[in-house]
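Trainee: based on what follows, work out the 3D shape:
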Amino acid sequence: MASIDPDLRALQEVRDAVARAKAASASLVNYDQAGTDRLCQAMVDAAAAAAHDLARLAVEETGIGRVHYKILKNIFAAEVTWDSIRDERTVGVIEQNAKTGVTKVAVPSGVVAGIVPTTNPTSTAIFKALIAVKGRNSIVISPHPRARRCIGETVEVLRRALERVGGPPDLVNVLANPTIESTGALMRHRDVALILATGGAGLVRAAYSSGKPAYGVGPGNVPVFVDRSANLARAARDVVTSQSFDNATFCCSEQALVLDEPIADKFLSLLQARGAHLCCNSQVAKLGEYCNRGGAMNADVVGQDPWRIAEAAGFSVPKTTTVLLAPQGGVGPDWPLSIEILCPLLSVHRVDGWEVGCHTSIELLKFGGLGHTIGLHSEDRAVIDAWALQKPASRIVVNGPTSQGAVGYSTGLVPSVSLGCGPQAGNITSDNISARHLVNIKRVATVRGNWTELERAGHERAAALTGEAAPRGSGLPGDPALSPALPQPGGDAQVTSGWRGNPAQTAKPEQSTPAGGAPRAKVISAEKTAPRRPAARAAAPAAPRFSDGARAAGSPVTTVVRAAAVAQAPSRPSAPASAPASAVGASLSADEIRTILSQAGSGCPLGPCQGCPHQQVTTGACTA
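Mentor: Below you'll find the model as predicted:
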């Protein structure tokens, strides 16, 4: 038997995974918040317990990063993320505002397509699965082919955790044989509700072009300005620890140092004291040739140790080296190390004054990091404010490491490994993506208490300009569309009943069959067959109203009506004295009549004729 084509097998896998995810998501429809959170807590506990094994597997498979920091990332994705969303309401009524009269109701989006990169494979899978299930969604993860094993194991850990607490394991799914075609098919699948895309610029563009709502992230060519007022010792420590954090594989890690000239030499010496290597011109040239391939970073350098990068470029540094520092004379294609390179390598730019530093930082952002993240080390409030107001970055990390700061690990930002860059970078949001982005919020709105006054005032303003006091359909007094029979709004006139009653009709006798078996001929009176002519209506009397005492007492609808109102009720013809006891309408008691009158509005107070026991089917006559 011929083997199935790999591409066809991958496409079928997408269909099967989405079908399972859809069914699992539907099974959560009756879960309350506590039940949903119980599933999430099980996933968090399992991921934290497996953090070391998953980290080791990720480094072994991808060759990217460091096991110690992969452990920290896995714990961050599970526990720190969960701490930030644990108390967030994502099920049913999540907010009621008595002042505005608006109630918010959260409902799940459905099936989420999660695209996971090779740089942070296990932590990203944990994070995306957790925020999806928190909103009662399911997720199908498409892993980078170079990281499919460690991502597959991560998903298996989460699935087993769901099963242990009685949840559907298919809430979290993974493609075992991902291809470019199958990832595209997943993003375009009709049952996929939205996309969480983390990866290169091409992948993010594909996500936004899929026709599905998508949260994508942009590249992060992150500049860090060190001002002359900065605490240099602290800034040096932050830069080195940030670059050492999994070998700078977060897209928010520092990429360029912009140094204020008066402190530049001292700051570089402080970095060297922490293991940084300041490259000479020949070493800078070798790094530029190796790390930049046609204007893009060489994928082979991503997440590598500094000594390995130097060795591959053609020179040697100690294995204890923490960061490679490469001076650049500008920003752009002529300066190959001014692009985003996800490894412990920083371009160095010297400027004189924060104004020039501001300009250089913006140039770096525009050269591949627009809207992402920027860092600043300064004690000058005016400089900090200028950075906040003028920089085209969605996250501005002040006096701290950007790798840990932008993701919300060392700062108060929302913990996330998916960082939006805003419309300036082609993203739908500049937020740190979290559980709230994966639920739909319905809003139930009640009419304002003063709406009648607001509406009237608005019409009066418009009427002053147009001269039309009651435009068609406005419902205002004088509206030409209103029927004369309808009460005019705005007045105190009572609504009167248009029902005048019909002559009581005797119930038709039961047909009997003679002894011969032939049915008797039906006799219809001339009165019934004669067409009815509408009689001229007299002026309608005022309709009865509830008594004030009864209204205050909160009595039911059958409360006794004012005697005067009853006296004003129209008299109805009574049934003939010879009418049989079965005559309908003649058997109503006085209390029943009062009840009918108390509920009388326009038309018959007994309701519609269809199905009414008082209507004769053969003639349509009302016998009430």
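Trainee: before we move on, what SS does residue 346 have?
Mentor: strand (DSSP: H, G, I helix; E, B strand; the rest coil).
Trainee: ok, residue 410 next?
Mentor: Classified using three-state DSSP, residue 410 is coil.
Trainee: thought it was touching residue 404?
Mentor: Yes. Counting by Cβ atoms under 8 Å, residue 410 touches residue 404, with 4.0 Å between them. (C-beta placed from N, C-alpha, C; glycine too.)
Trainee: which one of these two has more residues nearby?
Mentor: Ranked by neighbour count (other Cβ atoms under 10 Å), residue 410 and residue 404 place residue 404 first, with 21 against 18.
Trainee: what mean pLDDT does the host helix or strand of the more buried one get?
Mentor: Assigned by DSSP states H and E, residue 404 falls within helix 402-406. Across helix 402-406, pLDDT averages out at 97.
Trainee: helices and strands around it, which ones?
Mentor: In terms of contacts (3 or more Cβ pairs under 8 Å, 6 or more residues apart in numbering; DSSP states H and E), helix 402-406 is packed against strand 222-226, helix 232-244, strand 371-377, strand 393-398.
Trainee: redo those as JSON lines? Include mean neighbour count.
Mentor: Conversion of the helices and strands packed on helix 402-406 to JSON lines gives the following (neighbours: other Cβ atoms under 10 Å):
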{"stretch": "strand 222-226", "mean neighbour count": "27"}
{"stretch": "helix 232-244", "mean neighbour count": "21"}
{"stretch": "strand 371-377", "mean neighbour count": "29"}
{"stretch": "strand 393-398", "mean neighbour count": "22"}
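Trainee: I'd like those as JSON lines, with distance to residue 323 appended.
Mentor: Output for those, formatted as JSON lines (distance: least, Cβ to Cβ, whole Å):
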{"stretch": "strand 222-226", "distance to residue 323": "12"}
{"stretch": "helix 232-244", "distance to residue 323": "5"}
{"stretch": "strand 371-377", "distance to residue 323": "14"}
{"stretch": "strand 393-398", "distance to residue 323": "17"}
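Trainee: gap between residue 278 and residue 238?
Mentor: Computed with Cβ to Cβ, to the nearest Å, the distance linking residue 278 and residue 238 is 18 Å.
Trainee: ok, now which ones touch residue 171?
Mentor: Going by Cβ atoms under 8 Å, 6 or more residues apart in numbering, residue 171 touches 21, 24, 25, 28, 39, 129, 132, 133, 137, 138, 139, 162.
Trainee: what of residue 89?
Mentor: 33, 95, 106.
Trainee: most neighbours among those residues, which one?
Mentor: Counting neighbours by other Cβ under 10 Å, residue 106 leads the contacts of residue 89 with 21 neighbours.
Trainee: Three-state assignment for it, please.
Mentor: At residue 106 the chain is in strand, as set by three-state DSSP.
Trainee: over to residue 264?
Mentor: Under three-state DSSP, the three-state class of residue 264 is helix.
Trainee: ok, what's across the strand from the closest residue to it other than its chain neighbours?
Mentor: Closest residue in space to residue 264, ignoring its immediate chain neighbours: residue 350 at 5.0 Å, by Cβ to Cβ, 6 or more residues apart in numbering. With DSSP bridges as the criterion, residue 350 is bridged to residue 259.
Trainee: right, and residue 350 touches residue 262 too?
Mentor: No. With contact defined as Cβ under 8 Å, residue 350 does not reach residue 262; the gap is 10.3 Å.
Trainee: run through the residues that contact residue 75.
Mentor: Neighbour list for residue 75: 48, 51 [criterion: Cβ under 8 Å, 6+ apart].
Trainee: do that again at 10 Å, thanks
Mentor: Counting by Cβ atoms under 10 Å, 6 or more residues apart in numbering, residue 75 touches 44, 47, 48, 51, 52, 55, 81, 123, 126.
Trainee: what strand or helix carries it?
Mentor: Per DSSP H and E: helix 67-75 holds residue 75.
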